[in-house]
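Engineer: Would you be able to build a 3D model of this:
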Amino acid sequence: MIRTTMLAGVALMALVPVHAVAAPAARAGAAPAPVAPPLAAAPIDAQEASREDIIITAPVQRREDEVLQGTSVLRGDALTRSLRPTIGETLAQLPGVSATSFGPNSSRPVLRGLQGERIRVLTDGIGSIDVSNTSVDHAVAINPLLADRIEVLRGPSALLFGSSALGGVVNVIDSRIPRAIPENGFRLNGIGTYGSAADERTGQLAGDVALGRLVLHADGSYTATSDLRIGGFALTPARRAEALASSLVPPDPADPEPIDFAANAAIRNRLPNTASETWTAGFGASYIGDTGMIGISYGHYDSLYGVPVRYATQLGEGQEAPRIDIVQNRVDLRAEVETGGEILERIKFRAGHATYRHFELEPDGEIATRFFNNGLEGRLEIIQAKRGVWSGASGVQFFNRQFNVDGEEAFLPRSETNQTGLFTLQQLDFGRFKAEAGARYEFTDLSARTPDGDLRFFNGRRDFGAFSGSIGGSYGLTDNVRAGLNFSYTERAPSAEELFANGGHPATQAYELGNPTFRLERSVGIEATLHAHGDGYSFDLAAYYNDFSNFISENQVDQAVCEAAASPSGRDVDLPCFQFLQGDARYYGVEAKGSLTLGQIADFKINADLLGDYVRADLDNLGPAPRIPPARVLGGLEAQSDRINGRVEVEHVFVQNRLAGFETRTADYTMVNASIAFSPFGRDSGTTLLVSANNLFDVDARRHASFLKDFAPLAGRDIRVTARFGF
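Structural biologist: Below is the predicted model:
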């Protein structure tokens with residue numbers, strides 16, 4: 001399939017320049033179009049994409065203050081300062097964003113309390129095509145080091161990328177498929193980092209070279225870490241007390257490997273089994289013309305990392321120290337052409353295909369479980385020509401996923417998911433008043449095939465037709481202040497994991513049980529926004545409410561439920577029983593960020609900024625939803641000049657006392673970070689030396705959204721030195 005995709009891309013590269021790009025010069029009587037020098041050509045969206053306030057993760061680009069839902073953009077100095085080996089930790093300080101934090105090597109974003117199947121992580125508009133949605137111990141196969149910018153969309157606008165984007169979209173935008181001809185005929189950039197908390201050594205190098213209108217790209221990265229340094233004990237005080245109490249019970253003489261509970265309670269300062277090694281390599285090529293471009297790329301992702309041990313604290317519990325070995329090979333295609341017509345402005349096409357596998361390794365290196373994923377995703381977007389106040393875009397999206405788990409700990413059958421979606425977004429711009437409406441219809445076909453002799457799995461097919469729509473508007477109260485209101489209705493088809501799971505999953509210490517009779521998940525939502533941007537200040541506020549029916553959540557139930565489900569295969573259930581259930585739910589919250597210029601001291605502009613977020617989630621008849629991040633506030637003070645930028649920030653995360661029945665309380669914490677960046681050739685030069693101290697006072701910090709929060713805290717004091725260059 002990879003070979004077929006690459007050959008198709010090469011063929012398109014040959015055809016599009018002739019028929020699409022060169023077409024304007026082929027009119028009767030026109031001279032052949034000359035080959036432009038490198039300065040003449042640019043991508044259709046290059047200038048807009050370079051602006052910090054433009055959101056490009058949508059068919060129609062808009063300024064951030066014009067989007068009806070909460071959005072965030074991470075780029076430039078802020079991206080350099082925030083970069084971590086995982087997407088989740090890189091974005092964790094944005095408003096409305098937390099992270100799953102399943103150790104330092106596997107951390108997906110949590111948006112507005114939603115994670116997993118309700119969050120889409122994309123690379124340039126196409127899914128990551130991995131199995132990170134299947135379990136929190138599976139890393140996202142996207143390296144943040146390659147990002148030029150990262151955009152986060154929360155709310156209904158994310159549904160243009162699929163109903164599984166109900167909670168939001170994280171789009172990592174890179175240059176592996178070049179979008180522009182380099183200004184000087186070539187471009188080279190790189191980054192190197194050392195982080196003390198995990199002895200992290202990171203390097204990345206990328207370059208483009210122009211051969212006329214053909215731009216070639218190559219990139220590579222390498223990251224290696226040791227076991228993570230933490231700010232205290234690995235176990236929480238409550239878990240330590242359990243372990244110490246268990247250590248007083250004499251071990252069973254018949255047990256060949258008795259657990260040393262006292263040793264578990266004593267683990268501190270370092271988090272065992274968290275070392276990692278990751279490398280990537282990629283190549284790309286684009287043909288960029290006056291009215292269009294087409295490009296293709298190949299990327300390889302290879303990672304070996306340890307998963308933090310969920311230490312036994314009570315008699316009868318087991319513990320494992322697994323490692324995960326991931327390999328992904330991926331081919332991507334991107335094409336765009338300006339039609340110049342009165343009806344259509346441009347046509348955009350994006351596709352990606354990847355083969356993915358990962359092995360879950362025992363401490364002795366033996367493969368315990370194998371995961372395989374073969375995925376294909378494509379999008380075709382048609383952008384309408386603006387007619388007076390009316391503009392918009394429509395398109396079609398296709399997704400295919402062939403997934404299989406093999407081994408003693410396989411908790412899912414072989415499955416295939418096919419999904420086709422039709423979508424449209426229409427806008428009216430009357431100046432002060434702007435209106436927007438969107439709709440998506442999606443057909444999803446899921447099938448499961450029972451492995452030979454294993455009778456516990458569902459064997460059959462489920463089909464779903466889902467409709468989602470939104471309508472809203474915004475009004476400019478002044479030239480600098482805009483308020484908006486949006487209403488949405490969303491339907492989401494259950495995932496293969498939610499339908500077909502039936503087996504033990506040691507990484508999360510759960511026997512997971514799905515339900516193949518699930519119905520569509522539905523949501524009715526409302527979101528209000530306020531944007532105020534002026535000289536020396538900015539403020540963005542979003543408040544939202546979502547009412548769900550048939551909401552799917554994973555909850556701990558009586559052990560007999562899983563024992564009955566496992567009985568056809570004769571398997572024992574030696575893990576706590578967690579079952580996916582459907583019911584009504586409500587999620588609501590608020591997120592805000594603001595900045596203010598306090599004054600000028602010599603060459604330095606002094607800025608203060610503040611962000612905060614809060615989400616509350618309840619499941620009918622069950623109480624609080626599990627793993628919901630508590631409220632937090634983060635304030636920063638920054639001194640900026642053309643060459644030096646210094647920042648100090650304080651983040652306080654409040655205690656989480658609203659607990660699901662199987663959860664434990666998460667204590668509050670306050671973290672202090674400081675950084676200083678030096679740009680010898682100016683802030684816009686692309687060359688920066690950054691020194692930062694994170695978690696300066698070495699506090700014990702744990703995220704409530706993490707399955708491992710009682711066993712694996714966040715990093716302790718981390719002194720980071722980062723050098724970034726570009727020319």
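Engineer: what mean pLDDT does stretch 342-354 have?
Structural biologist: For stretch 342-354, mean pLDDT rounds to 94.
Engineer: Pull it out as PDB, backbone CA atoms only.
Structural biologist: The C-alpha coordinates for stretch 342-354 follow below in PDB (Å, rounded to 0.1, in the frame of the first residue of the first chain):
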ATOM      1  CA  GLU A 342     -16.400  33.000  -9.600                       C
ATOM      2  CA  ILE A 343     -17.800  29.900  -7.700                       C
ATOM      3  CA  LEU A 344     -14.700  28.100  -6.500                       C
ATOM      4  CA  GLU A 345     -11.600  29.800  -5.100                       C
ATOM      5  CA  ARG A 346      -9.400  26.800  -4.500                       C
ATOM      6  CA  ILE A 347      -9.400  23.000  -4.000                       C
ATOM      7  CA  LYS A 348      -7.300  21.300  -1.300                       C
ATOM      8  CA  PHE A 349      -6.400  17.600  -1.000                       C
ATOM      9  CA  ARG A 350      -4.600  15.900   1.900                       C
ATOM     10  CA  ALA A 351      -4.000  12.200   2.500                       C
ATOM     11  CA  GLY A 352      -1.900  10.000   4.700                       C
ATOM     12  CA  HIS A 353      -1.200   6.300   4.900                       C
ATOM     13  CA  ALA A 354       0.800   4.500   7.700                       C
END
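Engineer: in that stretch, what counts as buried?
Structural biologist: With burial defined by 16 or more other Cβ atoms under 10 Å, the residues of stretch 342-354 counted as buried are 345-354. Every C-beta, even on glycine, is put in place using the N, C-alpha and C of the backbone.
Engineer: now, which of those sits nearest residue 171?
Structural biologist: residue 350 (11.4 Å; Cβ to Cβ).
Engineer: how close does that closest one sit to residue 640?
Structural biologist: Distance from residue 350 to residue 640, counting by Cβ to Cβ, to the nearest Å: 36 Å.
Engineer: Tell me which other helices or strands the host helix or strand of residue 589 touches.
Structural biologist: Using DSSP states H and E, residue 589 sits in strand 577-601. In this structure, strand 577-601 makes packing contacts with strand 510-513, strand 537-556, helix 559-566, strand 604-619, judged by 3 or more Cβ pairs under 8 Å, 6 or more residues apart in numbering; DSSP states H and E.
Engineer: Please repeat the previous calculation with a cut-off of 10 Å.
Structural biologist: helix 496-500, strand 510-513, strand 521-534, strand 537-556, helix 559-566, strand 604-619, strand 632-640 (3 or more Cβ pairs under 10 Å, 6 or more residues apart in numbering; DSSP states H and E).
Engineer: Throw these into TSV and include distance to residue 209, thanks.
Structural biologist: What follows is the helices and strands packed on strand 577-601, written out as TSV (distance: least, Cβ to Cβ, whole Å):
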stretch	distance to residue 209
helix 496-500	43
strand 510-513	49
strand 521-534	38
strand 537-556	38
helix 559-566	57
strand 604-619	37
strand 632-640	34
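Engineer: What about the residue lying closest to residue 144 once chain neighbours are set aside, how many residues nearby?
Structural biologist: Distances taken as Cβ to Cβ, 6 or more residues apart in numbering put residue 90 closest to residue 144, at 4.7 Å, once the chain neighbours are dropped. Neighbourhood size, residue 90 [other Cβ atoms under 10 Å]: 24.
Engineer: quick one: secondary structure of residue 90?
Structural biologist: helix (DSSP: H, G, I helix; E, B strand; the rest coil).
Engineer: Retrieve the pLDDT associated with it.
Structural biologist: 95.
Engineer: Verify the contact between it and residue 121 for me.
Structural biologist: No - at 11.4 Å, residue 90 does not count as touching residue 121 under the criterion of Cβ atoms under 10 Å.
Engineer: Return every residue with contacts to both of the two.
Structural biologist: In terms of Cβ atoms under 10 Å, 6 or more residues apart in numbering, residue 90 and residue 121 are both contacted by the residues 109, 170, 172.
Engineer: As CSV, the residues you listed with secondary structure and pLDDT would be great.
Structural biologist: As requested, these are arranged in CSV below (DSSP: H, G, I helix; E, B strand; the rest coil; pLDDT from 0 to 100):
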residue, secondary structure, pLDDT
109, strand, 95
170, strand, 93
172, strand, 94
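Engineer: now those in a markdown table, with distance to residue 79 and neighbour count?
Structural biologist: What follows is these, written out as a markdown table (distance: Cβ to Cβ, whole Å; neighbours: other Cβ atoms under 10 Å):
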| residue | distance to residue 79 | neighbour count |
| --- | --- | --- |
| 109 | 15 | 30 |
| 170 | 13 | 31 |
| 172 | 11 | 25 |
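Engineer: Run a quick neighbour tally on residue 645.
Structural biologist: The local packing of residue 645 (other Cβ under 10 Å) involves 22 other residues.
Engineer: What sits closest to it if chain neighbours are left out?
Structural biologist: In space, residue 645 is closest to residue 677, 4.4 Å off (Cβ to Cβ, 6+ apart).
Engineer: give me the beta-bridge partners of the one you found?
Structural biologist: Here residue 677 sits in beta bridges with residue 645, residue 690, going by DSSP bridges.
Engineer: avg pLDDT for the strand holding residue 589?
Structural biologist: 95.
Engineer: okay, the angle between it and strand 604-619?
Structural biologist: 160 degrees (axes from the mean of the first three to the mean of the last three Cα atoms, to 10 degrees).
Engineer: Now strand 577-601: buried residues?
Structural biologist: By 16+ other Cβ under 10 Å, the buried positions in strand 577-601 come out as 577-582, 585-595.
Engineer: Listing partners with orientation, what would you give for it?
Structural biologist: Sheet pairing here is set by DSSP bridges, and for strand 577-601 it gives strand 510-513 (parallel), strand 537-556 (antiparallel), strand 604-619 (antiparallel).
Engineer: Which of those sits closest to residue 83?
Structural biologist: With Cβ to Cβ as the measure, strand 604-619 is the member of the strands paired with strand 577-601 nearest residue 83 (18.8 Å).
Engineer: can you give me the offset of the closest one from its chain's centre?
Structural biologist: 20 Å (Cα atoms, centre = their mean, to the nearest Å).
Engineer: that older thread, return the distance of the residue nearest to residue 645 relative to residue 234.
Structural biologist: 33 Å.
Engineer: Check residue 719 too.
Structural biologist: Taking Cβ to Cβ, one finds residue 719 at 21 Å from residue 234.
Engineer: Tabulate the buried residues of stretch 342-354 (a markdown table), appending secondary structure and distance to residue 534.
Structural biologist: Below are those laid out as a markdown table (DSSP: H, G, I helix; E, B strand; the rest coil; distance: Cβ to Cβ, whole Å):
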| residue | secondary structure | distance to residue 534 |
| --- | --- | --- |
| 345 | strand | 31 |
| 346 | strand | 33 |
| 347 | strand | 37 |
| 348 | strand | 33 |
| 349 | strand | 39 |
| 350 | strand | 36 |
| 351 | strand | 41 |
| 352 | strand | 40 |
| 353 | strand | 46 |
| 354 | strand | 44 |
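Engineer: for the residues you listed, which one is nearest residue 315?
Structural biologist: residue 354 (44.0 Å).
Engineer: what would the helices and strands packed on strand 577-601 look like in a markdown table with mean neighbour count, mean pLDDT and distance to residue 472?
Structural biologist: Shown next, in a markdown table, are these (neighbours: other Cβ atoms under 10 Å; pLDDT from 0 to 100; distance: least, Cβ to Cβ, whole Å):
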| stretch | mean neighbour count | mean pLDDT | distance to residue 472 |
| --- | --- | --- | --- |
| helix 496-500 | 24 | 93 | 30 |
| strand 510-513 | 24 | 90 | 37 |
| strand 521-534 | 19 | 94 | 8 |
| strand 537-556 | 19 | 94 | 12 |
| helix 559-566 | 16 | 90 | 42 |
| strand 604-619 | 18 | 97 | 21 |
| strand 632-640 | 18 | 97 | 27 |
